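Undergrad: no FASTA, just this:
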């Protein structure tokens, strides 16, 4: 499979399934254990929401940028530098956009809208995850471009690009340029691009195993049946690992 085909295959699975094989259950044989699940910032928290849950999952290589208020001592970067970074990246991409605005205006910055989205999509970008609001939600809807943001705001004032393709932090998820981002209505998760084949292989195996488990659970009619179905599974093990929770 090409990398693009692998990313498309990952979009067949929801983001919680991806987190499960990336780091959620470190003792599970299908979990790659890429991060300590509680001490590392590798997925987004509840403060972001998906604008178009009907689109399903999106996956792509991270291109990053930081926006904030204009700085009279720095004016070297602009949106065209973000455009260049998107153009230079392997495709498809997901823009990880950190909004670094003062608290008094942070909730009022409807930063990305229809024009920016059209430009990004033309360069192979399939989604944007940001720690601030977006706008033009209905204008963007037909584009089938996914947004994972804190909400919406109708306008903004002067703003500027502070950095492009640097590590960013977005609502609990630290992202470096070139990492893979997988996102859906549950949130977003990141992982190293060189583990993309491992993630796909393991999430496929996890899906098969969970389908089998759920089939056994559907056949259970009492607690004993549920315990039997869970035998050997992570949910079914107590602290001694004997499955007798």
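TA: It's in. Note that the coordinates shown come from a computational prediction; the quantities given were computed from them, not determined experimentally. Numbers count the residues shown, from 1 in each chain.
Undergrad: how about stretch 38-48: buried residues?
TA: 42-44, 48 (16 or more other Cβ atoms under 10 Å). For glycine as for every other residue, the C-beta is placed from the backbone atoms N, C-alpha and C.
Undergrad: now that stretch: mean pLDDT?
TA: Regarding stretch 38-48, the rounded mean pLDDT is 96.
Undergrad: Likewise for stretch 80-94?
TA: Rounded mean pLDDT across stretch 80-94 is 98.
Undergrad: and it, how far from the chain's centre?
TA: 17 Å (Cα atoms, centre = their mean, to the nearest Å).
Undergrad: same deal with stretch 96-112?
TA: 19 Å.
Undergrad: Now do stretch 5-18: everything it contacts.
TA: 1, 43, 56-60, 92, 180, 182-184, 186-189, 191, 196-197, 199-200, 203, 206-207 (Cβ atoms under 8 Å, 6 or more residues apart in numbering).
Undergrad: Can you select the buried ones from these in ChimeraX?
TA: Typed into ChimeraX, the line below selects the buried ones among the contacts of stretch 5-18, using 16+ other Cβ under 10 Å:
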select :43,57,58,59,60,92,180,182,183,184,186,187,188,189,191,196,199,200,203,206
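Undergrad: What about the contacts of stretch 5-18, which are in helices?
TA: 196-197, 199-200, 203, 206-207 (DSSP state H).
Undergrad: Need the residues you listed in a markdown table (columns: distance to residue 116 and pLDDT).
TA: Formatted as a markdown table, those follow (distance: Cβ to Cβ, whole Å; pLDDT from 0 to 100):
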| residue | distance to residue 116 | pLDDT |
| --- | --- | --- |
| 196 | 27 | 98 |
| 197 | 32 | 98 |
| 199 | 29 | 98 |
| 200 | 31 | 98 |
| 203 | 32 | 97 |
| 206 | 36 | 92 |
| 207 | 35 | 90 |
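Undergrad: coming back round to it: closest one to residue 176 out of the buried residues of stretch 38-48, please.
TA: The nearest member of the buried residues of stretch 38-48 to residue 176, counting by Cβ to Cβ, is residue 42 at 11.2 Å.
Undergrad: Return the set of residues that bridge with the closest one.
TA: Counting by DSSP bridges, residue 42 forms beta bridges with residue 173.
Undergrad: Surely it and residue 33 touch.
TA: No. Residue 42 is not in contact with residue 33 according to Cβ atoms under 8 Å; the separation is 11.5 Å.
Undergrad: hang on, the earlier thing: I'd like a version of the buried residues of stretch 38-48 in TSV, one that adds distance to residue 151 as further columns.
TA: Formatted as TSV, these follow (distance: Cβ to Cβ, whole Å):
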residue	distance to residue 151
42	23
43	19
44	14
48	9
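Undergrad: Okay, domains of the protein per the record?
TA: Domain assignment for the chain by automatic domain parsing gives 1-40+194-245, 41-191.
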